[in-house]
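In: just the structure for this:
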Amino acid sequence: MNDKYIEAIRLDKTNLSRDSYLWEIPVIANLQELVFHKNITFFVGENGTGKSTLLEALAVSYGFNPEGGTLNYRFSTYDDVSELKGSLRLVKGWRRPKSAYFFRAESFFNVASKAEDYRDTTPKEVYYEKYGGKGLHEQSHGESFLAFFQSFDSEGLYIMDEPEAALSPQRQLTLFIQIAKMAEQGAQFIIASHSPILLGIPKAEILSFDKDEIRPCIYEETESYQVTELFLNHRKEFIKRLLS
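Out: This is a model prediction of the structure:
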């Protein structure tokens, strides 16, 4: 037993239908158990390798709304949750998080709208102070996400699907600092990401989905790092090859 809010996930594939598309995703088809060793775990890999599918099933199994938000959020604009959620078993730690949040880049607007619904039940000064002095829809997409995220407790569980999607490189550095500090204070993060900035957070475990099985890898082995490094250091030759 470790001190994580989610210690491990186990997959019982007997509940998956024979014609499920999930059998065509190698890391899902071969998954039996995945143990979380560190406070920050990154899922990396090419599109279609199962990162977001597993992350979503994990979040829904924990009790989150499929479209994101806190454990209290309940709304739906489009139901496309995979059947994986019914086969996933979570091994929870002895601690309980003080706050919890599931972030999906494509549906954060809906989460922000739900937060705005609470304005009538929250004192005005408290609401605006909580989100940096502005309403969430009075800020840009990236600013509102950071303001929303920064309102949470360091002793929390945070599941995030490509949080860099709405953030500039500078804002990614802000999130980098926030995640690193919160993890040092006991927060647990499970993040699917392509960001070479966020993947560089120290003490994080990086799990690659690019082979038939999920495997640990180092930062320099990630495609996000390799492609970025190649482009920055050999830009002219790289572009020439791309366009030839």
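
In: in the chain, which spans are strands?
Out: Along the chain, the stretches classed as strands by DSSP state E are 6-11, 33-35, 40-44, 88-92, 99-104, 156-161, 188-192, 205-208, 215-217.

In: okay, the ones you listed in CSV with distance to Asn65 next?
Out: The way it works is simple: take the backbone N, C-alpha and C, and place the C-beta from them, glycine included. What follows is the strands of the chain, written out as CSV (distance: least, Cβ to Cβ, whole Å):
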stretch, distance to Asn65
strand 6-11, 17
strand 33-35, 23
strand 40-44, 20
strand 88-92, 16
strand 99-104, 7
strand 156-161, 12
strand 188-192, 16
strand 205-208, 25
strand 215-217, 30
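
In: mean pLDDT for those strands: which is lowest?
Out: Ranked on mean pLDDT, the bottom entry among the strands of the chain is strand 99-104, at a mean of 86.

In: run the chain-centre distance for that one.
Out: Between the mean C-alpha point of strand 99-104 and the mean C-alpha point of its chain there is a distance of 8 Å (Cα atoms, centre = their mean, to the nearest Å).

In: between the strands of the chain, which gets nearest to Asn72?
Out: Smallest distance to Asn72 across the strands of the chain (Cβ to Cβ): 9.5 Å, for strand 99-104.

In: show me what the closest one packs onto, helices and strands only.
Out: Packing contacts for strand 99-104, counted by 3 or more Cβ pairs under 8 Å, 6 or more residues apart in numbering; DSSP states H and E, involve helix 51-62, helix 141-149, strand 156-161.

In: re the thing from before, closest to Arg235 out of the strands of the chain?
Out: Smallest distance to Arg235 across the strands of the chain (Cβ to Cβ): 23.3 Å, for strand 40-44.

In: show me what counts as buried in the closest one.
Out: With burial defined by 16 or more other Cβ atoms under 10 Å, the residues of strand 40-44 counted as buried are 40-44.

In: show me what it is in contact with.
Out: The contact list for strand 40-44, computed with Cβ atoms under 8 Å, 6 or more residues apart in numbering, reads 51, 54-55, 179-180, 183, 188-194, 198-199, 201, 203-210, 217, 222-224.

In: stretch 10-22 too?
Out: Judged by Cβ under 8 Å, 6+ apart, the contacts made with stretch 10-22 from elsewhere in the structure are 23, 28-29, 31-34, 53, 82-84, 86-89, 91.
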